[in-house]
Every structure is written in C-alpha cells, then in structure tokens.
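[1] for reference, the sequence and a predicted model appear below.
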Number of protein chains: 2
Amino acid sequence: MEHNIDVVIIGAGTAGLYALSQVIQNRKSYLIVQNGELGTTCARVGCMPSKVLIQAAEDYHRRKSFEREGIEGSEGLSVDKEEIMEFVRELRDSFVERVHGNNAKRLKDHMIHGQAEFIKPGQLRVGDDTVNYSSVVISSGSTPVIPAAWQSFSDRIITTDSLFEMEELPESMAVIGLGVIGLEIGQALARLDVAVTGVDMAEKIGGIEDPEIHQSVVDTLSREFPLWLGQAAEVTEEGDMLRVTAGENTVLVDKLLLSMGRKPNLAGMKLENLGIELDQQGVPIHNPNTMQCGKQPVFLAGDVSGERPIMHEAGDEGRIAGTNAARDSIQAFRRKTPLAITFCDPNICTAGATLSALDPDKIAIGQVNMAPVGRALIMTKNRGLIRVYGDKKTGKLLGASLFCIKGENLAHLMAWCIQQDLTVFDLLKMPFYHPVIEEALQAALRDLAGKVEDKPGGMLDIEKL
Amino acid sequence: MEHNIDVVIIGAGTAGLYALSQVIQNRKSYLIVQNGELGTTCARVGCMPSKVLIQAAEDYHRRKSFEREGIEGSEGLSVDKEEIMEFVRELRDSFVERVHGNNAKRLKDHMIHGQAEFIKPGQLRVGDDTVNYSSVVISSGSTPVIPAAWQSFSDRIITTDSLFEMEELPESMAVIGLGVIGLEIGQALARLDVAVTGVDMAEKIGGIEDPEIHQSVVDTLSREFPLWLGQAAEVTEEGDMLRVTAGENTVLVDKLLLSMGRKPNLAGMKLENLGIELDQQGVPIHNPNTMQCGKQPVFLAGDVSGERPIMHEAGDEGRIAGTNAARDSIQAFRRKTPLAITFCDPNICTAGATLSALDPDKIAIGQVNMAPVGRALIMTKNRGLIRVYGDKKTGKLLGASLFCIKGENLAHLMAWCIQQDLTVFDLLKMPFYHPVIEEALQAALRDLAGKVEDKPGGMLDIEKL
C-alpha cells in the first residue's frame, strides 16, 4: 500500500508523542511507524518503575533509623522478593496504561508496525507499505548495550529493559556500568538485601564531573555496596553462577545487571539513503535548537539523538521537531537550563554548567558539608555535599553540583535561578524557611558570596528600601 | 550598680542574637537582659524538637505502606513511649547547645538576668541594676496562652513549652487550638498511637485562608484523628482524667495540649514609662521595615512583635532592629516575600499573598489535585491540592497555597519566583524534571496559564530564539 503523508513520526515514545501533538495542532496529516512494543521508555522501563523500586528500597532501609527514634521491632522486617517485583509491575502497568491507554485507540488508524527503511529523501518503506512524506521525525529511542562476548549467558544478563520483568529479586547481582541507572538500581537492590557488587571500568562514576562531589558519592555509596572502579569486568560461567572479576577483585553472582549505556535505535533504517551527514556514532548531525538534520525536512527527537536522554528534554525535542516538521519555516528554540538528577539517596544532581565547561580562573565555588545541617540530622540524612559555582567577579550563578537529601528539589531552585541570570546576592535575599534543607543551600551560597570580588555593601541577606 | 551602654537587648533568643551581631559589627557597647532560661524558642521548644517528633511519627506511620510494597513484618513494629521522648530531648539538647554553647561563654560578661523595667526613656532597671542606654532592642519573645479557668488542673496541661519535657507519650490527649502547632503536633502524636482529639472553636484551622485547601486539609487530617471544629472546648476533671466537651462531642483524656497561641512577653516591662504608642494587644506600634517604635530609639524584633512568628523573619527583624539601634540614621529594609509552612504530612504552605489580600475579580487561580500525580502515587503521598494565584490579565504570580507532599520545597520555588515578579509564563519555561513533585506545580501553572487573558503566542513551555 502507498501512503502520502505530511509528517511521518518514527517511534511513538515520549518524544514522538510530543511531536505528534504539534503536528495535530498544525492540522497536518500524519503516520506513526512503530517498531516493537508501545509504551514510552520512561513509563515502561525507565523513570517510573525505577522510582517505585527506589521508594520501596528507601522505605525498607529506613528501618535502620527506627531504634534510635524509639520505634521497636525493626529486626522483624523483611523483603518478600516476589511481592516487591509484583508491586513494581503493578504500578508500572498503570503508568504505561496512562500514556498509551488512550493513545492506542486514538492512533490505531494512523499507525503501521515494523522497521522503517528510507528509500530516498521523501520516501520510506515499512514492510509492504511505501510512505511518501513531506517531513519526518525520527524519535525511535535507544536500546541497552550488551557486549557481544557475553551473549552466551544472556539468560543471566539483565538490562533495564528486562529488570522489571524479573519474577523475584536475585540473591546476588553484579551491576556492570555505574552511570545514573547503575547507581540508582545498584543502591536500591543493595538496600533490598540483594548482595550487590558495583563495577565500572572508569574511575569516575555517575557522570559526576566535580571531584569533591565524586569523592563524597564514592565514600557514601561504598558503605552500602562494594564499588570496583577503574578496571573492566571479565565474566565467566561457573556452574549455575557467573564469576565477575575486575583486577584483583572477584565475586560469584546469580545475575548481571548491565547498565553500560544505551545505543540509538538507528540500525536498519538505511539513513544512508537520505544523504544526511552522520556523526561518529552514526547519529545524524542536527541543530539542537531546531532538531533539524542539515537542510533536509528530517528532524531528530528524544533518546535517539544521544544528547539529553531525560524525559523533559525528550518532550522539548519532540515539540521542537514536531512544530518544525509541520510548518514551512524553521524556528529555533532556546533549550532549557541543564538539570540532571540521579535518584540515589542522597540525590546526585547538577544544574546549569558543569565544571568542565567553566574556566577555573574565572569562577568561585561555595561549598557546604551536609554533616551538621540540622534538618538533615533530624532525618538521619546528613551525608554529602553541596557545591555552587559563580562568576568570581560578579557572583552570577553558573552551576551547581549537589549530593544531598532533597537534592532533586534544591536542583530545581538552582536551575530556575540560573535560567534567570541571577547572582548569589539575589538568592541570599530570598526567604529560606527554618528548618529546611534549603538552608544548606543558603550556607553554600553564603560561602560563595564571601569569595566574590564585587560584593555589594550592607547586609547581604536583606535589601535596603 | 549603674551601667552606661550604647545598646540594650532584652532577650537573647533568635531575634536578640541576630540584633547583637549587628551591634557588635558596628562596634557599639551592649548589654543583654535575659529573663529566664537561655536557648531560643526555635531550638528549645519550637521548630527543632517538633521536627524530631514529626520525623519519628512519619517513619512509624510509613509502615502502613510496607505491605503494599512487599515489606513484611510491619505488624511487629511499636513505639516505645519513653524512648521516643528521650530521643527528641537528646537531639533538642544538641541544637540548644549549638545556639548557646558558645554564646553563653562569650556573652557572660555582657548579660544580666532578670525582668527589665523601663524607668523613663533611656533608662531601665533590672533588679538592683540601673541601665542608661542610647537605644534598646526588645526581643523578649512570647509565652503560650493558658486560660485562667484551667489553672486548677494545670499539671495535666501541656503547652509547647512543656511538651518535650514529658517523660513519656500519654495514652490519650486533646489538642485544644488547631493552628500550625496544634496540627503539626496533633498529627504526629496520633501517628505515634496516642489517641488524639483535635478541638478548635473556629471553623477554619491552621490559619488557612484558601477554602479549597482548607477543605482538603480537614478531609485528609480527620482520617487520622477526629477534628471538632466550631465549638469551644469545656474541660472538667473526672477522676484522674480530664473530660473535654465541645458541643455534642465529649471525650476522656489523660492530658491536654494547649496550642491556643502565644502572647508577647511584655508584662512587667512597664512600657508605659517609655511614652510609646501601644496597639490593642499592648504591643508597641512599630514600622516593619525599620522595626522602630514611633520616633524613639526603641526597636522590636522577633515573636514579641506578634507579626511573623517564624525563625527566618525573627532573624531579619533582629538584624534590622540591631543595625538601626547601632547607627545614627534609620534605614528601612524590604521584608521578604511571605512564606509559611506547617510541617504536617502533607505540608500546608503559603507563599506570597494570601487570598484575603487579593481582589477576586483581578486574579485567576490554577489548581491541581494530587491524586493522580505519578511520583506522589509512588510515594503513597498522593493527597492534597495545589492552588496558584496570578494576575488575570498579565499572569504575574501573586501567591500560592499548597497542601501536598514536599510542599515545603515547592513553596520555596514559588516564594522565590514571586519575589522576582515573574509571570506564570516565565515559570513554564523552566526545567521540570521527571518524575518529581515539581511536575504537580507545573500542572497547576498550566491550568493558571490557560485562564490568563494576555497569553503570549506560540508554545508556552519553550522560548523562541
């Protein structure tokens, strides 16, 4: 069958659905090409189910504060290793249903299933269907990386795509790759009485650039489960277990969780027939403000672009790609202030610029240790560190790296203030309630203010009328 | 003995200590008059110990989510009614020590103990000491109100001043007065298996002006303990119990917690000898931007002023009063955007203007119910409501009333944005991570944006370049 369509959207995940909303709003005809299961990465295997597991893990872990607080009987608590996975799936299914329950019906007549293959600019094929289009949004997502050498015991390998399908928690597990997901899931499973070993060939984990924050993260998390850093893992079968070895360390585990990153879903799409320029990873070179690839009516959105694999950025990319795919002229949009959150306990967050993007001679850094922070002490969560980066001369806020309880909330405060070009002196005039964790941020800001060259006169915290 | 002093500070609580910091910075001589125990209301009997009790209560309450999550054995948990109070006192003592441990030594030679009595402008007496001063800061704090009729069973009456001295939690308790403290402590004790009854002669509790938020609070909290609203409590002795009756409701309890408000510590100070004007409550009429009383060198700071009895405002008032007391000319300062937090679960918060200060014809209200919010669902905390108030024509943010999990954090975001005169459209361009509770605020803001008359064109969430 042959289709003549204004806009084709390849992949109906978060980015694709946001793109679709713009296409519909611009009254264009559309067709969705879906390869594989419906349901966004976020709802199916990402943000949402991982937060369920993390919440249960935090709740169970919390028993360690009970005795101190005068709550008795915590020694009788235990995890039902099947029920917890059922709980995760039950909530997960409700989130997937929310995203796709209505869409599935609404989109049925606009969707064909299968692998999209580009024939030439303006034309692609899906099985027996030929589609002629005016523009195309590629929002096909990404897939976890599994090294070819480990395919032989792939039944013992878990990725984030299969994690939440486990019938029960394993007794022991090695987490290979300690990026955001490896750290989140590794800590959660360790707290749920799984014997977790974390392994990463890099010395630096979690994508953390700030060396002080990195050290605090490693010190804190390695109290909960061993972290083997700086050496690649070798894996061999041993009976019905797997032996994981990294340098001098070795351990026998039931399962491997691979969290070594994700690769864009572009294989088989025959991008070469489009004549667009690809980068070294095979991803089309595109403008992040328009999401356009070169000068062609081809737009990228979401994880497939390999740039900002987080949900709210996928949403923005989808809308930018969708609106540009649906209109005659290309509009550039401002991207939001970077905001990244790893939902470990404490949270690991960055807002604004990371250290590598800043000139060390031109910035001042304010810092506070969480150990004595009153409210954090009350919560038994007084670990970690907050670091805020500002222009040394003016005090303009540039970035922040946080490892602290409620970091996810403080990082929003910081990102919003950075997006408004505020200075540290503006922030110190804001209300900080007592006793809240925001007061720790206040202490870091005061430390930063003390290091800025052009300080205003008078009291820093109260503005003259 | 006769003292000749630049600045006298009556009361070394939070406000007094902040005032002192300014006096010292301006190199003035000073004398502190302290009546009663050292240690701020905040650290001794207020913010800090109440948060300890609330944290333990929350941790114990959390067991109700355990079964759903696959955590077994929660039926074996119980509260040790003595140990929990010991825990509260232990942390409380460490906070008091922090505030006053160093100060006590540093201030010893600058402090006299007793009741200050003004003789005439520029002179006061403390016991046998006469003090001639250039200016005075009155930061003498406040004391819980106890109705005279109930003095006969005052041994069964607990106030926030004596709450944390209880040897053990009682079996049953009536909380009379459901303001901020009554709600916080009432809910915490109910969660710790105390049979709590909440009573307030008013229909409106918690100082909540927004009727929708108020209804949500009453609906939610009354699932945890009965709320008797709209009728005054009568209390009589019955054996070794107390009978509390309000209208048709009656209950026998072991103890009463009185949280009916606090009165300023001004009695006995002989303010009439200063010739300053007093309001109907006997509080000197003062300018909130200078803290000065009339034209005299008399400055008010902290809870004694009866206005903003919260710690960060006491700090600001102390610094404003201290700097003006220490300098020749009077400087006016901008007060911070109002921010109020009741640490119930969910938090009850307001930021910016409350409804009574706004013209209903000129505002639009954005609203979101917490029930379907993803992260709140994961946390089993999906109760409550967020309401944001904006200018109907321009969308300028004016205020917010929140009853939701992490309300304390969202209220900071809102207060900071209101202080910067931002519009709802500015906020929608900020990053909102996924899945966080800030997304509930985003939904309320979108609802508000839809009701604003002068909408900008294009996509609301992404700015054109």
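    It's in.

[2] use CA for all of it now, contacts and neighbours both
    Noted.

[3] for A:L465, which non-adjacent residue is closest in space?
    B:F333 (4.8 Å; CA to CA, 6 or more residues apart in numbering or on different chains).

[4] quick one, phi psi at the spatially closest residue to A:V145 that is not a sequence neighbour?
    Computed as CA to CA, 6+ apart, the closest residue to A:V145 that is not its neighbour in sequence is A:R262, at 5.2 Å. As for A:R262, its main-chain torsions (degrees, to the nearest 10) stand at phi -130, psi 150.

[5] quick one, domains of chain A?
    The domain map for chain A lists A:2-144+A:263-326, A:148-260, A:339-451, with the assignment taken from automatic domain parsing.

[6] got the contact list for whichever residue of the stretch 201-350 of chain A sits closest to chain B?
    Using CA to the nearest CA, the closest approach of the stretch 201-350 of chain A to chain B is made by A:F333 at 4.3 Å. Neighbouring residues of A:F333 by CA atoms under 8 Å, 6 or more residues apart in numbering or on different chains: A:N289, A:T290, A:I320, B:I462, B:E463, B:K464, B:L465.

[7] looking at it now. What's its pLDDT?
    You'll see A:F333 listed with a pLDDT of 97.

[8] do the one 10 residues further on as well
    A:F343 carries a pLDDT value of 98.

[9] cool, the one 5 residues further on as well?
    A:I348 carries a pLDDT value of 98.

[10] spell out which parts of the stretch 1-150 of chain A neighbour chain B.
    Within the stretch 1-150 of chain A, the residues that sit near chain B (CA under 8 Å from any CA of the partner chain) are A:47-48, A:51-52, A:55-56, A:59-60, A:62, A:66, A:68-74, A:76-84, A:87-88, A:91, A:95.

[11] ah, wrong one, I meant the stretch 251-400 of chain A
    Taking CA under 8 Å from any CA, the part of the stretch 251-400 of chain A that reaches chain B is made up of A:310-312, A:316, A:331-341, A:374-375, A:378-379.

[12] need the contact list for the most centrally placed residue in chain A.
    Central residue check for chain A by CA atoms, centre = their mean: the C-alpha nearest the mean position is that of A:I310, 4.7 Å away. Residues near A:I310 by CA under 8 Å, 6+ apart: A:D303, B:H434.

[13] how about stretch A:323-330 as CSV, C-alpha atoms only?
    Output of stretch A:323-330 as CSV, limited to C-alpha atoms (Å, rounded to 0.1, in the frame of the first residue of the first chain):
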residue,chain,number,x,y,z
THR,A,323,6.5,22.0,15.1
ASN,A,324,9.3,22.4,12.6
ALA,A,325,8.2,19.3,10.8
ALA,A,326,4.7,20.6,10.5
ARG,A,327,5.5,24.2,9.3
ASP,A,328,7.0,25.7,6.3
SER,A,329,9.7,27.8,8.1
ILE,A,330,12.1,26.5,10.6
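
[14] helix/strand/coil for A:S21?
    Here A:S21 takes the helix state, with states given by DSSP: H, G, I helix; E, B strand; the rest coil.

[15] count the neighbours of it for me.
    Residue neighbour count, defined by other CA atoms under 10 Å in any protein chain shown, stands at 15 for A:S21.

[16] that older thread, from the contacts of A:F333, which land in helices?
    Cross-referencing the contacts of A:F333 with the helices (criterion: DSSP state H) gives A:I320 as the overlap.

[17] closest to A:T354 out of the contacts of A:F333?
    Proximity to A:T354 was ranked across these by CA to CA; first place goes to A:N289, at 20.0 Å.

[18] okay, that closest one: pLDDT?
    The predicted structure lists A:N289 with a pLDDT of 98.

[19] and it, what is it in contact with?
    For A:N289, the contact set (CA under 8 Å, 6+ apart) comprises A:I320, A:A332, A:F333, A:R334, A:R335.
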